[in-house]
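Q: this one's structure only:
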């Protein structure tokens, strides 16, 4: 035990030396290898000798510390940024590991009752499930558009611009534009930006709608500090003339009265910005759709207002031009993967923002193939946890304990040291979580009931795996959106490996 303690202390010292001292690459590499070997030796030995949840967590954190050290070896980010983010991650992970070591030591110094501990875990799971269920009920009620009794005449409605960025598109763009030009909105402007497509189909499709009033805008290659999508949004906003602007993707479809209903809702509720969660167009064959369900789950289920992080989706959103300018425009979010979240957070302070679901009163639909859903999840998940490995660990831990473990205890409680009350609470938590998942899939038309009943634990496991894949690709590989590497502006990486330096 003393040897493991010494190994852990030596690994911490080596890691601190890497961050504090300015060393040659070879010497720095030596200290990094030493820190990783000693940290994993100490935690793995402890896990083997005293296997339990706490020692397992200590071992897991050592793997995240190794991941953080590999970031330094890779050195693909600008030096100042790399030094800052790796140092922050190191002291957070080391601090968490020290606390777990202390908790483990206290655990073996005090009389313990494993059945009581499992009961406390089951109580925490039950409280979490009840909180999520209550939050979802409230969110489903608040996000329903409802029947709009107020009617605005054509003269009363403000001018509206539909702005669509497009790159390397084919049939989706054509169907999207067909649904937009079929709108009955009286003061409608439609602008489509061709974001330097590598094929000729995209500009040809856009120009084929010129006789319907669709305006073609030629985009430019993104500047180094801009995400291409945000630069396209910025250009579209500057080209538009509407009092309100609707930004949407090419996978979105509108009914003839959808835009009128959307503007009417914004005016009636006195909102400067509204984000729409589209209904999903179900494929012909039933399937277990967990990737898109995970995205909608995190927007609808947690009590996001408590954390001042309002729900938002980039599929379709409308914003008043004056509000866009007042909040700084897209120049304020040049690197943000979800720029809409910035505007929503700013406007919700004055109750000027709403997040709504599409339904029979406001029909907006969308469908993404599974491959596109995976690409979107990889592009968004790591930035959503602020590109911090320590937060990936915390999110993973919370998901496994609160959202996965109830199903395991409920099914395998007879083989675990849990009492009947703990198993009953875990089973109740699993049922409540399943009900939440079913209600999310039903509300968004994302899946059919037989598959939804078994989808909850699968969704969380897939989401955790995609979160780690997103972290790995952002840190060590490439994350592409429309054949462009978004790591360069988001992660402050060098455009080309040959330009990487100390």
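A: Yes, it's here. Please read these numbers as outputs of a predicted model, since none were measured by experiment.
Q: Can you tell me how far residue 146 is from residue 420?
A: To residue 420, residue 146 is 44 Å away according to CB to CB, to the nearest Å. In short, each C-beta sits where N, CA and C put it, glycine included.
Q: Now do the SS call for residue 163.
A: Residue 163 falls in the strand class when you classify it by DSSP: H, G, I helix; E, B strand; the rest coil.
Q: Just the element for the closest residue to residue 388 other than its chain neighbours, please.
A: Leaving aside its sequence neighbours, residue 388 sits nearest to residue 89 (CB to CB, 6 or more residues apart in numbering; 6.3 Å). Assessed by DSSP states H and E, residue 89 sits inside helix 79-109.
Q: just how off-centre is that helix within its chain?
A: The chain centroid and the centroid of helix 79-109 are separated by 25 Å under CA atoms, centre = their mean, to the nearest Å.
Q: Give the buried residues for that helix.
A: Of the residues in helix 79-109, 82, 85-87, 89-90, 92-94, 96-97, 100-101, 104 count as buried by neighbour count, 16 or more other CB atoms under 10 Å.
Q: Enumerate the positions of the helix or strand following it that are buried.
A: Later in the chain than helix 79-109, the nearest helix or strand by DSSP H and E is helix 114-143. With burial defined by 16+ other CB under 10 Å, the residues of helix 114-143 counted as buried are 117-119, 121-122, 125-126, 128-129, 132-133, 135-136, 139-140, 143.
Q: ok, residue 474 - contacts?
A: Residues near residue 474 by CB atoms under 8 Å, 6 or more residues apart in numbering: 382, 383, 387, 487, 490, 491.
Q: Looking at those, which one is closest to residue 268?
A: Nearest to residue 268 out of the contacts of residue 474 is residue 383 (CB to CB; 33.7 Å).
Q: Number of residues surrounding the spatially closest residue to the closest one that is not a sequence neighbour?
A: For residue 383, ignoring the flanking residues on the chain, the nearest one in space by CB to CB, 6+ apart is residue 337 at 4.1 Å. For residue 337, the count of nearby residues is 22 (other CB atoms under 10 Å).
Q: What is the three-state secondary structure of residue 337?
A: Assignment for residue 337 (three-state DSSP): coil.
Q: immediately after the helix-or-strand element of the chain with minimal mean pLDDT, which helix or strand?
A: The weakest-scoring helix or strand in the chain, judged by mean pLDDT, DSSP states H and E, is helix 449-452 (a mean of 68). The helix or strand immediately downstream of helix 449-452 is helix 455-476, counting by DSSP H and E.
Q: Whatever helix or strand comes next after that next one packs against which elements?
A: Elements were assigned by DSSP H and E; along the chain past helix 455-476, the next helix or strand is strand 480-481. Packed against strand 480-481 by the contact rule (3 or more CB pairs under 8 Å, 6 or more residues apart in numbering; DSSP states H and E) you find helix 370-384.
Q: contacts for the helix it packs on?
A: Contact with helix 370-384 is made by 251, 291-292, 294-295, 336-338, 368, 392, 463, 466-467, 469-471, 473-474, 479-481, 486, 490, as judged by CB under 8 Å, 6+ apart.
Q: Just the buried ones from those?
A: Looks like the contacts of helix 370-384 have 251, 291-292, 294-295, 336-337, 368, 392, 463, 466-467, 469-471, 473-474, 479, 481, 486, 490 buried, using 16+ other CB under 10 Å.
Q: any idea how far the residue nearest to residue 388 is from residue 441?
A: 35 Å.
Q: do you know how far the residue nearest to residue 383 is from residue 347?
A: Distance of residue 337 to residue 347, computed by CB to CB: 19 Å.
Q: Could you pull up the mean pLDDT of the host helix or strand of residue 325?
A: Per DSSP H and E, residue 325 falls inside helix 321-326. For helix 321-326, mean pLDDT is 96.
Q: Likewise for stretch 250-263?
A: The average of the pLDDT scores along stretch 250-263 is 95.
Q: Please, where are all the strands along the stretch 201-350 of the chain?
A: 214-218, 244-248, 252-254, 273-277, 279-280, 316-320 (DSSP state E, counting those that start in this stretch).
Q: Chain neighbours aside, what residue packs nearest to the most centrally placed residue in the chain?
A: Nearest residue to the geometric centre of the chain (CA atoms, centre = their mean): residue 381, 3.9 Å. Nearest residue to residue 381, sequence neighbours excluded (CB to CB, 6+ apart): residue 470, at 4.0 Å.
Q: dump the residue contacts of the one you found.
A: Under the criterion of CB under 8 Å, 6+ apart, the neighbours of residue 470 are 377, 378, 379, 380, 381, 382, 479.
Q: And the first one, how far from residue 418?
A: Distance, residue 377 to residue 418, using CB to CB: 34 Å.
Q: Same question for residue 378.
A: Counting by CB to CB, the gap from residue 378 to residue 418 is 36 Å.
Q: swap in residue 268?
A: 52 Å.
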